[in-house]
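**Student:** Return a 3D structure for these sequence lines:
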Amino acid sequence: MVELRLPRSKREGIIFGCVIAFISSMLIGGYNVYDNMGYDLEHFGDFVSDFLVIWPVMFAVAFTLSYTLVGPLAGRVVRHYMAPTDSANTFICFNLIVCVLMMSVILTFLGGLIGQAIAFLLSGHEMDVMELVYNWPRIWPRNFCIAFWVEMLIAQPAARRVMVVIHRKAFSPQAETA
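**Tutor:** Numbers count the residues shown, from 1 in each chain. Prediction:
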């Protein structure tokens, strides 16, 4: 049976990655920005305005990092440990774990650095890279857990659903007559 849930071309890989990066950067990035601001409902408007500036940058970084570095590297790791007889579900699950692990390790630091840089540009807040390094071991496990469940339950299923829709349209009888 042909696997409809995964991208088959570079174009589909970009679409797949964009869906995942969009959802993940929106939810995980939104949580981290809100957490960094201190969960204050009185300043929720400030959170929204800050996040509208930070989110497009984080989306671009997450997609670029995933498409150019993490995705190919995770593919190599997964292919190394997978047997030809392993199912598509095994591949999907193992790939998800490896990607989330690598992305969370990198973006826990890089996301904080980008957030600090944008805060510096917008309001002159001082950048403290050493604080990011110091807090990384405390923040990364939380980010990994959040990212894992967002990817497992929301982002990856949505991206796979988009692939199924694209593949069904491509192989439908109407597509052949068009």
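
**Student:** For residue 6, what is the enclosing helix or strand?
**Tutor:** Here residue 6 sits in a region with no helix or strand, counting by DSSP states H and E.

**Student:** contacting residues for it?
**Tutor:** Contact criterion C-beta atoms under 8 Å, 6 or more residues apart in numbering gives 16, 88, 92, 160, 163 as the residues in contact with residue 6. Any C-beta I mention is one placed from the backbone N, CA and C, and that applies to glycine too.

**Student:** residues in contact with the first one?
**Tutor:** Counting by C-beta under 8 Å, 6+ apart, residue 16 touches 6-7, 159, 162-163.

**Student:** how does it look with 6 Å?
**Tutor:** Residue 16 makes contact with 7, 159 under the criterion C-beta atoms under 6 Å, 6 or more residues apart in numbering.

**Student:** before we move on, what about the fourth one?
**Tutor:** Shown here is residue 160, whose contacts under the criterion C-beta under 6 Å, 6+ apart are residue 5.

**Student:** circling back: just checking: the least confident one among the contacts of residue 6 is which?
**Tutor:** Ranked by pLDDT, these bottom out at residue 88 (85).

**Student:** what sits against it?
**Tutor:** Residue 88 neighbours (C-beta under 6 Å, 6+ apart): residue 3.

**Student:** Now intersect the contacts of residue 6 with the helices, please.
**Tutor:** Under the assignment DSSP state H, these contribute 16, 88, 92, 160, 163 to helices.

**Student:** where's residue 46 relative to residue 52, distance?
**Tutor:** To residue 52, residue 46 is 11 Å away according to C-beta to C-beta, to the nearest Å.

**Student:** what residues does the helix or strand where residue 61 lies touch?
**Tutor:** For residue 61, the element it lies in under DSSP H and E is helix 44-65. With contact meaning C-beta under 6 Å, 6+ apart, helix 44-65 is reached by 17, 21, 25, 29-30, 33-34, 37, 114-115, 118.
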